[in-house]
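In: kindly return the folded structure for what I paste below:
(one chain, ligands or ions: 1)
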Amino acid sequence: MTDFEKKYYWDRRGSGCAKWDGMKMGFGADDLIAMWVADMDFRCPDSVREAMSKLAEMNTYGYNFPSFSYYKAFMDWEQKRHGYQVEQPWIRYTPGVVCGIYRFLGALTAPGDACIILSPCYYPFMSAVEDTGRRLVCSMLKNEGGVYTPDFEDFEAVILREKVKAFVFCSPHNPVGRVWKKEEIARLLEICEKHGVYVISDEIHHDLELTGKHVPTLSAYPCEKFTVMLTAASKTFNMAGLSHSIAVVPDETIRKKYDAYVKPFTGMNANMTGYIAIEAAYRGGEEWLEGCLKLLRSNAKYAEETLKAALPKIVVSPLEGTYLQWVDLGAYLKPSELKAVVQDECRIAVDWGHQFFPSESKCEGDRLAAEAGKADAHIRLNLATSRENVVLAVTRLIEAIKKRG
Ligand SMILES: Cc1ncc(COP(=O)(O)O)c(C=O)c1O
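Out: This is a model prediction of the structure:
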């Protein structure tokens, strides 16, 4: 057991958390190992507890505003960890990164406009496009033995064919675990620039670098005129319940459009606890993050090596970033058998591969992605938990699959 796990692992059952206590609702059972929704079973950095304790001690919760030191903590973090200098006027609060996607789609595109994603993709991207009345189009990532890369020719062809207006980009990519290379990001951006496509870049997982080195989209290519970055401390430090995310918008014209778009949403200011906790995490959480990454890397290595050794035909995508392991069980199980084996027999709650593809009715522009989703036999395993839970889940999967011959 790593020191990090000893100090910070916490059995969250009974705390009202979605991940464990929400399983009854989502999966119809509460005795499963929770490896689905993307948050961690770890307490936050000590600096967060100290700052929140101070606030509780003060016990005053009147109107509040973000201090310069909050902005500075975020700007310093981005500069130090990712080499990108954010300027304070570029920063906007959003309650969540997904909420940010909805808002920027609303601000930058019109109903009926085509918006592109790289498929398979974190499913709220698809909902965001559709719920805002935009038209979802997909470009399938190329999958070679579990290693995914953009299909640049297809990406450009779809943009042209469908007259795409915005690209919702996931970097690092959930669910395939890629930390995109600078050249890959630059090539996508170059295509977007050529065809007048806005880029909404979701970089919520950017601190969760396991083997890859994250390159901020805004620094991969001169794209500040048509790109916004959405990020948060929520995935990095396990603080999603505070509903606090950040949009970085370097371009003044985009800022004006965005500010005008959100103006009617009154009462949507950030909660003071978010400002306080997030500043404390950025200022005092670096050592915590290093400990956490060490455990995540070790969990990922264990899961990949053990699964591959026992089940030679399994495809485990290399986990370069995020803590969400994308595993193809297609050599052993049909898509229709996944639930019976993984959930009912192994007692593991996971996200299913098909969730990350558009359903046929959703996919207007590209039927390939919908077809791939129907035939998909992936599961997405959340490894941000104790080694014991990871061992238990991996052991149960191997036993159940081997038993079937
Ligand atoms: C790529 C990605 N974006 C956004 C989110 C959710 O962010 P938020 O809760 O801030 O909306 C997640 C959560 O898993 C995610 O993986």
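
In: Asp76: how many residues sit nearby?
Out: Using other CB atoms under 10 Å, Asp76 is surrounded by 15 other residues. For the C-beta atoms, the positions are set from N, CA and C on the backbone; glycine is no exception.

In: same question for Tyr302.
Out: Tyr302: 15 neighbours (other CB under 10 Å).

In: and the gap between Pro66 and Ser219?
Out: 24 Å (CB to CB, to the nearest Å).

In: am I right that Leu230 is in a helix?
Out: No. Counting by DSSP: H, G, I helix; E, B strand; the rest coil, Leu230 is not part of a helix but strand.

In: any idea how far Pro318 is from it?
Out: 25 Å.

In: of those two, who's got more company?
Out: Neighbour count, other CB under 10 Å: between Leu230 and Pro318, Leu230 has more, with 26 against 19.

In: for that one, what are its contacts?
Out: Applying CB atoms under 8 Å, 6 or more residues apart in numbering to Leu230 gives the contacts 94, 97, 100-101, 104, 200-204, 245-248.

In: would you turn the residues you listed into JSON lines with secondary structure?
Out: Listed next are those as JSON lines, based on three-state DSSP:
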{"residue": "Thr94", "secondary structure": "strand"}
{"residue": "Val97", "secondary structure": "helix"}
{"residue": "Gly100", "secondary structure": "helix"}
{"residue": "Ile101", "secondary structure": "helix"}
{"residue": "Phe104", "secondary structure": "helix"}
{"residue": "Ile200", "secondary structure": "strand"}
{"residue": "Ser201", "secondary structure": "strand"}
{"residue": "Asp202", "secondary structure": "strand"}
{"residue": "Glu203", "secondary structure": "coil"}
{"residue": "Ile204", "secondary structure": "coil"}
{"residue": "Ser245", "secondary structure": "strand"}
{"residue": "Ile246", "secondary structure": "strand"}
{"residue": "Ala247", "secondary structure": "strand"}
{"residue": "Val248", "secondary structure": "strand"}
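
In: check the residues you listed against the ligand, which are close?
Out: Contacts with the ligand within these, counted by CB under 6 Å from any ligand atom: 97, 202, 204, 245.

In: for ChimeraX, what selects the buried ones among the residues you listed?
Out: Typed into ChimeraX, the next command selects the buried ones out of the ones next to the ligand among the contacts of Leu230 (criterion: 16 or more other CB atoms under 10 Å):
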select :97,202,204,245
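
In: right, and the pair among the ones next to the ligand among the contacts of Leu230 with maximum separation?
Out: Asp202 and Ser245 (9.8 Å; CB to CB).

In: the stretch 201-350 of the chain: helices as residue ranges?
Out: Taking DSSP state H, counting those that start in this stretch, the helices of the stretch 201-350 of the chain run over residues 217-220, 234-237, 252-262, 272-284, 286-310, 338.

In: show me the contacts for Asn269.
Out: Applying CB under 8 Å, 6+ apart, we find Asn269 in contact with Tyr93.

In: relative to the ligand, how far out is it?
Out: Counting by CB to the nearest ligand atom, to the nearest Å, the separation of Asn269 from the ligand is 16 Å.

In: one more: Leu311?
Out: Leu311 is 26 Å from the ligand, by CB to the nearest ligand atom.

In: check Tyr71 too.
Out: For Tyr71, the distance to the ligand - CB to the nearest ligand atom - is 19 Å.

In: and what of Lys294?
Out: Distance, Lys294 to the ligand, using CB to the nearest ligand atom: 21 Å.

In: how many neighbours does that residue have?
Out: 14.

In: I figured it hits Glu5, correct?
Out: No. Here Lys294 lies out of contact with Glu5, judged by CB atoms under 8 Å, at a distance of 9.6 Å.

In: quick one: His244 and Ile278, what's the gap?
Out: Taking CB to CB, one finds His244 at 6 Å from Ile278.

In: looking at those two now, which is surrounded by more residues?
Out: Neighbours per residue (other CB under 10 Å) separate His244 from Ile278, with Ile278 holding more: 29 against 22.
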